[in-house]
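A.B. asks: sequence and predicted model, in that order:
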Amino acid sequence: MSLRFCDSFDHYVFADINEKWTSQFAGNDVSLVSGVGRRGTTALRVNQQAEATIKLLDAQSSFVVGVAIVSATNFPTTSGTIITMRDGSTTQIELVQLSDGTLEVRRGGTGLTAGTSLTGGQSSQVMSAGVTHYLEFLGTISNSIGANQCVVKVSGVIWINVAAGQDTQQTANAYADTILLGDDKTAGLVNTYDFDDFYVCDRTGNECSTFLGDIRIDALFLSLSGTVSNFSPSSAGATAVSMVKQTTPDD
């Protein structure tokens with residue numbers, strides 16, 4: 001398996017988010033907002049500090065995460081985490097936006113304590129506020145990574161390539177099993193991000209095991225009943241298609 005998870009954020013409401021994601025950290029300022037996605041669709045909005053949405057997968061030594069991201073018209077007033085790869089509740093590595101708009105990959109970090117900077121882990125380019133970027137983060141968990149094993153691309157261009165030999169393993173385990181969008185620190189990100197077109201690959205297969213590039217993920221809904229219907233609608237007078245095409249699932 002390679003492509004492990006994706007989300008357009010267009011086919012459910014926030015009350016149902018934990019049917020797709022595992023949980024939220026804090027969660028009071030995580031929401032789904034219509035009309036702000038890249039094509040006028042819905043986006044996941046993470047607002048202010050100590051807010052994140054969390055996806056538990058299984059243990060893998062390496063993941064690639066891609067997401068369209070647009071920030072509010074300001075940079076974080078302090079460094080704020082955008083993407084985290086964790087082992088359980090402990091951060092292995094994280095992708096951080098600094099207050100000047102540049103990006104940095106760090107190992108560890110919790111609460112008020114910043115993670116450890118890595119050689120080659122800083123960008124010189126600035127992720128402009130108010131502009132949509134497609135952000136991709138290839139992270140490998142190891143006490144000594146190989147070349148090209150911890151890389152950040154923005155809109156298809158490499159901004160960060162952490163040097164070989166760097167330590168990206170905070171725990172005793174050389175893997176991550178949890179992906180976060182947003183900041184799970186008790187203090188940190190002070191900004192608003194809208195996320196869209198999100199994917200996670202685990203790098204184990206022949207397909208979808210590296211950067212997928214700037215992709216779009218669409219939620220497709222049925223428009224007509226088919227010529228064969230093997231079940232009877234549970235609501236009197238309803239058509240088959242009306243029972244299964246709900247934009248908001250009724251469970």
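C.D. replies: Thanks, I have the structure now.
A.B. asks: let me see the contact set for V126.
C.D. replies: Shown in contact with V126 (Cβ atoms under 8 Å, 6 or more residues apart in numbering): 100-102. Where you see a C-beta, it was placed from the backbone N, CA and C, and this is true even at glycine.
A.B. asks: 10 Å instead, please
C.D. replies: With contact set as Cβ atoms under 10 Å, 6 or more residues apart in numbering, V126 has these partners: 75, 97-98, 100-103, 154, 159.
A.B. asks: which stretches of the protein have low pLDDT?
C.D. replies: Applying pLDDT under 70 to the chain picks out residues 1, 27-28, 48-50, 73, 111-113, 186-190, 246-251.
A.B. asks: V244 against P233, yeah?
C.D. replies: Yes: shown here, V244 and P233 form a contact pair, counting by Cβ atoms under 10 Å, at 9.4 Å.
A.B. asks: give me the common contacts of the two.
C.D. replies: Joint contacts of V244 and P233 (Cβ under 10 Å, 6+ apart) are S225.
A.B. asks: how far away is I82 from F221?
C.D. replies: I82 sits 30 Å away from F221, going by Cβ to Cβ, to the nearest Å.
A.B. asks: the two: which is more packed in?
C.D. replies: I82 (27 against 12; other Cβ atoms under 10 Å).
A.B. asks: please name the bridge partners of the residue nearest the centre of the chain.
C.D. replies: Centrality entry for the chain: nearest residue to the mean C-alpha point is L181, 4.4 Å, by Cα atoms, centre = their mean. For L181, the beta-bridge partners are T53, I83 (DSSP bridges).
A.B. asks: ok, now which ones touch it?
C.D. replies: 7, 21, 24, 30, 44, 46, 51-55, 65, 67, 69, 81-84, 193, 195, 198.
A.B. asks: what sits against the residue nearest to S34 when sequence neighbours are not counted?
C.D. replies: If the residues on either side of it in the chain are set aside, S34 comes closest to T42, at 4.9 Å by Cβ to Cβ, 6 or more residues apart in numbering. Neighbouring residues of T42 by Cβ under 10 Å, 6+ apart: 8-14, 31-36, 194, 196, 219, 247.
A.B. asks: buried subset of the residues you listed?
C.D. replies: 8-12, 14, 31-32, 194, 196 (16 or more other Cβ atoms under 10 Å).
A.B. asks: can you redo those as CSV with secondary structure and distance to T110?
C.D. replies: Shown next, in CSV, are the buried ones among the contacts of T42 (DSSP: H, G, I helix; E, B strand; the rest coil; distance: Cβ to Cβ, whole Å):
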residue, secondary structure, distance to T110
S8, coil, 31
F9, coil, 28
D10, coil, 33
H11, coil, 34
Y12, coil, 31
F14, helix, 27
S31, strand, 25
L32, strand, 28
D194, strand, 26
D196, strand, 28
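A.B. asks: what's the closest of these to G213?
C.D. replies: The closest of those to G213 turns out to be D196 (Cβ to Cβ; 14.9 Å).
A.B. asks: touching, the closest one and G35? I think so.
C.D. replies: No: D196 is beyond contact range of G35, at 11.6 Å (criterion: Cβ under 10 Å).
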